[in-house]
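[1] here's a sequence, model it:
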Amino acid sequence: MTSDPAEPQDQAFRICMVCTGNICRSPMAEIVLRDLVEKAGLSDRVVVTSAGTGEWHVGEHADPRTVSALERQGFDGSGHRARQFDASWFDSLDLVIALDRSHERVLRSWARSDDDRQKVRLLLGFDADYAGRSDVPDPYYSDEAMFDSVLAMVEHSCRALFRQLEPAFRRSTPVL
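    This is a model prediction of the structure:
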């Protein structure tokens, strides 16, 4: 289920993954990170969404090649609908993950304060194995193999991101 990051979620940590049209890279990252959150039993503490910097695909499903790549790895991307990032969301988001430097630049230009700008980070920046690289390549104009390669990169980097954030999520989970 994709929720609106502007909707209150009882102290949940809110993350939005952002690419260009919200039909390839950011849906992959949203679905992979959400899966990690769910498997860790932290769905009540972490909300993961995605959006695009552009409006071209708003309301559309993820690219069929994205859905297929996700399915081959055991993920379900069939319910995704593209949205455009709205600068007002900064108020309710804790972390905004850009999939490449162009998204990072756009998001920082939309930020209304230094606090908003500080929320914007590159996905590959969380992954030491991709040191020196900042952009997850856009597979849109490529073939199925490129979608698989991009998904592998996204999965690896989302695991690295989750490893860094999980201890804080666990500390905020109430003891029963």
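[2] quick one, helices of the chain?
    For the chain, the helices defined by DSSP state H occupy 25-39, 64-72, 101-110, 114-118, 144-171.
[3] of those helices, flag the one that's most buried.
    Between those, helix 25-39 has the highest mean count of neighbours, a mean of 25, where neighbours are mean count of other CB atoms under 10 Å. In this view, the C-beta of every residue, glycine as well, is placed from N, C-alpha and C.
[4] how far away from the center of its chain is it?
    Counting by CA atoms, centre = their mean, to the nearest Å, helix 25-39 is centred 7 Å from the centre of its parent chain.
[5] residues in contact with that helix?
    With contact meaning CB atoms under 8 Å, 6 or more residues apart in numbering, helix 25-39 is reached by 2, 15, 17-19, 43, 45-46, 48-52, 62, 66, 69-70, 75-77, 80, 82, 97, 99, 123, 136, 138-139, 150-151, 154-155, 157-159, 161-162, 169.
[6] circling back: okay if I get the helices of the chain as CSV plus mean pLDDT and distance to residue 93?
    Below are these laid out as CSV (pLDDT from 0 to 100; distance: least, CB to CB, whole Å):
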stretch, mean pLDDT, distance to residue 93
helix 25-39, 98, 13
helix 64-72, 98, 23
helix 101-110, 98, 10
helix 114-118, 97, 9
helix 144-171, 95, 14
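[7] what's the closest of those to residue 129?
    Using CB to CB as the measure, helix 144-171 is the one of the helices of the chain that comes nearest residue 129, at 6.6 Å.
[8] what packs against that closest one?
    Contacts defined by 3 or more CB pairs under 8 Å, 6 or more residues apart in numbering; DSSP states H and E place helix 144-171 against strand 13-19, helix 25-39, helix 64-72.
[9] can I get the shortest one as PDB, trimmed to CA atoms?
    Spelled out, it's strand 13-19. Coordinates of each C-alpha in strand 13-19 appear next as PDB, following Å, rounded to 0.1, in the frame of the first residue of the first chain:
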ATOM      1  CA  PHE A  13       9.800   7.800  10.300                       C
ATOM      2  CA  ARG A  14       8.900   8.800   6.700                       C
ATOM      3  CA  ILE A  15      11.100   8.200   3.700                       C
ATOM      4  CA  CYS A  16      10.400   9.200   0.100                       C
ATOM      5  CA  MET A  17      12.400   7.700  -2.700                       C
ATOM      6  CA  VAL A  18      12.600  10.100  -5.700                       C
ATOM      7  CA  CYS A  19      13.500   9.600  -9.400                       C
END
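[10] buried residues in that strand?
    13, 14, 15, 16, 17, 18, 19 (16 or more other CB atoms under 10 Å).
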